[in-house]
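K.L.:
Here's my sequence, what's the structure:
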Amino acid sequence: MQTVIIFGANGQDGYYLTDLYQRNGYKVLGVSRSENLLNGDVSSFEFVEDIVRTHKPTIIFHLAAASTTRHQALFENHKTIGSGTLNILEAVYRWHPECKIFLTGSGLQFVNSGKPIHETDPFDATSAYSVERIYSVYAARYFRRLGLNIYIGYLFHHESPFRKPNHVSQQIINAVKRIGAGSSEQIELGDISVEKEWAFAGDIAEGIAILVGQENVFESVIGTGEPHTIEEWLNICFASIGKDWRKYVKLRDGFIPEYKRLFSNPKTIHSLGWIPKVDFAQLAEIMLRD
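P.N.:
Next up, the predicted model:
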């Protein structure tokens, strides 16, 4: 049986990738610092080397990251993204160079002029998070020269019922559920005119699998290419309970968003046969239902 190793398997992407590969007959070994999976730290070379040498996986996915761009997460991002990437690449190079590797990239590591972002666009180190994402790409390109098959999927805003509650999409979903059950609370939000993608994480996992499943394209944006505002998300979620969101939302004065518009140009992944199945309205329905 072929084996897949997923570092950072406790997040939404790890959940959907695990399900996808198990349904296709793979043994999936999920690694996380949480207790419900194989406990281990991708920033430890000894741990990564041992797991690669022992299991000889067909594919490794590196999904682990601190889900924040704050400067205070500088060292956490360096350990998990930067050192984690280097540990995986070197362990595979030493012990199992036939293994395919997938590294998570982000739309946040590119120059963002408000236009659709393509994988060939230039990078821009605007945060501690983007610095490590950029570093991991150049590490991958170096190890490709040494013969490794390393794929990078540049991901944008994507959602699911497994999204952590600190993200604005899930904050709104959870508040709508409580308000629908009788709560009179108010939620505080920033700039609701910000435009971003609202892909379904299950679709993104399928895009990742398609990228890794072929031999010619090694870096690709994986996204819907369709931006929606936070206000649109408010409209569709509150409409589901017959309420006007304006009665339940307080906007922060002077809030400055990280960006005004962030979305992808997914023509490359489309050319490989991937098209998202779940649209904006269906995504809201899925998250409100679960």
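K.L.:
show me what contacts residue 163?
P.N.:
12, 169, 170, 201, 287 (CB atoms under 8 Å, 6 or more residues apart in numbering). Quick note: C-beta positions are derived from backbone N, CA and C, even for glycine.
K.L.:
6 Å instead?
P.N.:
Residue 163 makes contact with 12, 170 under the criterion CB atoms under 6 Å, 6 or more residues apart in numbering.
K.L.:
Could you look up the SS state of it?
P.N.:
Following DSSP: H, G, I helix; E, B strand; the rest coil, residue 163 is assigned to coil.
K.L.:
Now for residue 196: which residues touch it?
P.N.:
Neighbour list for residue 196: 157, 262 [criterion: CB under 6 Å, 6+ apart].
K.L.:
From residue 17, how far off is it?
P.N.:
Using CB to CB, to the nearest Å, one gets 22 Å for the distance from residue 196 to residue 17.
K.L.:
and what of residue 284?
P.N.:
Between residue 284 and residue 17 the distance, using CB to CB, works out to 23 Å.
K.L.:
Residue 53 too?
P.N.:
Between residue 53 and residue 17 the distance is 23 Å, computed by CB to CB.
K.L.:
These two: which has the busier surroundings?
P.N.:
Neighbours were tallied for residue 53 and for residue 17 using other CB atoms under 10 Å; the higher tally belongs to residue 17 (28 against 13).
K.L.:
Can you tell me, leaving aside adjacent residues, what's nearest to that one?
P.N.:
Distance criterion CB to CB, 6 or more residues apart in numbering; nearest residue to residue 17, sequence neighbours excluded, is residue 205 at 4.8 Å.
K.L.:
Which SSE is immediately downstream of the strand or helix carrying that neighbour?
P.N.:
For residue 205, the element it lies in under DSSP states H and E is helix 201-212. Following helix 201-212 in sequence order, the next helix or strand is strand 219-222 (DSSP H and E).
K.L.:
What pairs with that following strand, parallel or antiparallel?
P.N.:
In the sheet, strand 219-222 lines up against strand 149-155 (parallel) (DSSP bridges).
K.L.:
and the strand it pairs with with helix 201-212, angle?
P.N.:
Regarding strand 149-155 and helix 201-212, their directions subtend 150 degrees when assessed with axes from the mean of the first three to the mean of the last three CA atoms, to 10 degrees.
K.L.:
ok, residues contacting strand 149-155?
P.N.:
Defining contact as CB under 6 Å, 6+ apart, one finds that strand 149-155 is touched by 100-103, 105, 119, 137, 140, 143-144, 208, 211-212, 218-219, 221-222.
K.L.:
Would you mind measuring from residue 233 to residue 38?
P.N.:
In this structure, residue 233 and residue 38 are 35 Å apart, going by CB to CB.
K.L.:
Low-confidence bits of this structure, can you list those?
P.N.:
Scanning the chain for pLDDT under 70 picks out the ranges 34-36.
K.L.:
Tally up the residues packed near the residue nearest to residue 17, please.
P.N.:
For residue 205, the tally of surrounding residues (other CB under 10 Å) stands at 24.
K.L.:
That one and residue 14 touch, don't they?
P.N.:
No - under the contact definition of CB atoms under 6 Å, residue 205 does not touch residue 14, with a separation of 8.9 Å.
K.L.:
what residues do the two have in common as contacts?
P.N.:
The contact sets of residue 205 and residue 14 do not overlap (CB under 6 Å, 6+ apart).
K.L.:
Give the buried residues for the lengthiest helix in the chain.
P.N.:
Of all the segments assigned as helix in the chain under DSSP state H, the longest by residue count is helix 128-145. Neighbour-count burial for helix 128-145, with 16 or more other CB atoms under 10 Å as criterion, is recorded at 128-137, 139-140, 143-144.
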